[in-house]
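pasting the structure only:
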């Protein structure tokens with residue numbers, strides 16, 4: 001007789017699973033996280049379908065404006081020439097020495113304009129901006145001036161506003177021939 005010979009078949013025992021109790025704060029945090037994730041996924045679509053609520057509003061600029069309906073008003077425009085001199089100037093016929101009407105002009109009668117300063121003598125033109133050739137390779141040259149280093153090739157504008165005409169090798173040294181006829185040699 002063996003252990004496998006049983007009178008009646010018996011079902012195997014199932015392991016008893018203990019259900020763990022989840023704290024309330026964990027449930028609240030899980031529900032809040034899921035709600036935030038759903039809101040973050042839904043909000044861009046809401047903005048997309050309701051563009052008039054979120055779009056940029058451009059002000060309507062018109063050359064005319066709507067005035068309220070109503071009766072017209074009398075407009076009086078008084079010219080400075082229409083003003084009456086009510087001062088008593090003594091009857092000698094000479095006008096008053098001060099003009100009471102402000103016209104925003106300054107009389108220059110009898111005043112000579114000042115001579116402009118001698119700009120050429122006080123401010124000399126700066127000399128040529130010097131640059132030097134550092135290296136030449138693959139049809140390009142590396143040059144340097146006070147502002148920094150530049151990579152130039154034939155046709156490029158140089159710091160002295162001339163252009164690179166050619167890059168040549170003379171007596172074993174590289175030179176830049178500019179459109180102004182200057183020759184810049186590698187040191």
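Thanks, I have the structure now. Not measured: the values here are computed from a predicted model.

Domain map for the chain?
Taking automatic domain parsing as the reference, the chain has its domains at 21-57, 132-185.

could I get the ones you listed as CSV with mean neighbour count and distance to residue 69?
C-beta: built from backbone N, CA, C; applies to glycine. Below are the domains of the chain laid out as CSV (neighbours: other CB atoms under 10 Å; distance: least, CB to CB, whole Å):
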stretch, mean neighbour count, distance to residue 69
domain 21-57, 9, 28
domain 132-185, 14, 65
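
ok, now which ones touch residue 36?
Residues counted as contacts of residue 36 (CB atoms under 8 Å, 6 or more residues apart in numbering): none.

picking that back up, how about TSV for the domains of the chain, with mean pLDDT and distance to residue 10 added?
Rendered in TSV, the data for the domains of the chain read as follows (pLDDT from 0 to 100; distance: least, CB to CB, whole Å):
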stretch	mean pLDDT	distance to residue 10
domain 21-57	90	33
domain 132-185	88	89
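
Let's have the ones you listed in TSV, adding distance to residue 9.
Supplementary listing: the domains of the chain in TSV, determined by distance: least, CB to CB, whole Å:
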stretch	distance to residue 9
domain 21-57	37
domain 132-185	89
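
With respect to residue 14, which of the ones you listed lies nearest?
Residue 14 lies closest to domain 21-57 among these, at 21.3 Å (CB to CB).

Roughly how far does residue 137 sit from residue 149?
Residue 137 sits 14 Å away from residue 149, taking CB to CB, to the nearest Å as the criterion.
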